[in-house]
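>>> Let me see the structure of the following:
(one chain, ligands or ions: 2)
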Amino acid sequence: MLIMAHDLEGRAAAALREWAERWGERWQWTAKKGAVELQISQRMTRGLGKCMPEQRVIRLNHVLLDEVNAALLRETWCHELAHQVVFDRYGTGSPPHGRLWGDLMRAAGFEPRVRIPMEQVVGLPKVSRGRGYQYLHQCTGCGKQFVTQRTDRRWRCAACRATGGEGRLIRFRKSA
Ligand SMILES: [Zn+2]
Ligand SMILES: [Zn+2]
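Numbers count the residues shown, from 1 in each chain. Ligands and ions are numbered 1, 2, ... in the order given. Below you'll find the model as predicted:
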């Protein structure tokens with residue numbers, strides 16, 4: 001299997017290639033469809049990895065290269081490669097974290113988990129909680145809506161409170 005990793009110094013690239021080889025054997029995946037390009041992203045702030053299977057590109061967050069995150073680097077690399085394998089075998093139709101993907105993770109020795117809790121990752125920029133999200137609030141009384149960058153359970157609809165109503169709000173989180 002061919003892994004291209006231009007952004008990586010020799011040692012880290014060698015380790016990532018070696019793991020990929022090992023998993024590739026277990027998966028009987030030879031990347032016949034072409035090399036996979038590994039890119040290291042300095043700009044990724046939220047995710048740890050991203051697979052763009054059609055372009056055959058996998059992007060990993062540079063914080064994973066920190067020695068302390070070694071285990072997570074391994075898991076994330078495997079996670080993203082497994083996406084590529086599912087795509088190579090079944091095309092775009094299959095769900096990203098479905099059974100096929102989970103089976104590959106297990107075969108590589110990982111419990112398939114869709115997300116790695118961010119507090120386990122050392123060195124991620126300390127973005128304030130809620131950044132990158134917006135919250136849509138809707139009053140259950142009058143239906144008024146408003147969108148904010150942060151939210152608070154105690155907030156109530158001012159108009160309804162003013163007229164003696166409860167002013168309870170339901171919240172939806174959405175990506176900014
Ligand atoms: Zn995924
Ligand atoms: Zn209201």
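
>>> My understanding was that residue 145 contacts residue 137; is that so?
Yes. Contact between residue 145 and residue 137 holds when scored by CB atoms under 8 Å: they sit 6.5 Å apart. Glycine gets a C-beta too; all of them are placed from N, C-alpha and C.

>>> Can you pull the residues of the chain lying near ligand 2?
Residues of the chain lying near ligand 2 by CB under 5 Å from the ion: 139, 141-142, 144, 157, 159-160.

>>> let's go with 8 Å and repeat that
139-144, 157-161, 165, 167 (CB under 8 Å from the ion).

>>> Neighbour count: residue 145 and residue 137, which is higher?
Higher neighbour count among residue 145 and residue 137: residue 137, with 18 against 13, using other CB atoms under 10 Å.

>>> Just give the nearest non-adjacent residue to residue 158, would you?
Leaving aside its sequence neighbours, residue 158 sits nearest to residue 167 (CB to CB, 6 or more residues apart in numbering; 7.1 Å).

>>> Nearest residue to the one residue sitting closest to the centre of the chain in space, please, no chain neighbours.
Geometric centre of the chain, nearest residue: residue 47, 4.2 Å, by CA atoms, centre = their mean. Once flanking residues are discounted, residue 47 sits nearest to residue 61: 6.7 Å by CB to CB, 6+ apart.

>>> Could you list the buried residues of stretch 52-68?
53, 56-65 (16 or more other CB atoms under 10 Å).

>>> So what touches that stretch?
Residues from elsewhere that reach stretch 52-68 (CB atoms under 8 Å, 6 or more residues apart in numbering): 8, 12, 33-42, 44, 47-51, 69, 72-73, 76-77, 80-81, 83-84, 86-88, 92, 121-124.

>>> could you give the mean pLDDT of it?
Averaged over stretch 52-68, pLDDT sits at 92.

>>> what's the answer for stretch 32-43, then?
Stretch 32-43 carries an average pLDDT of 88.

>>> List of residues touching it?
With CB under 8 Å, 6+ apart as the test, stretch 32-43 has contacts from 1-8, 13, 16, 20, 50, 55-62, 65, 81, 84, 88.
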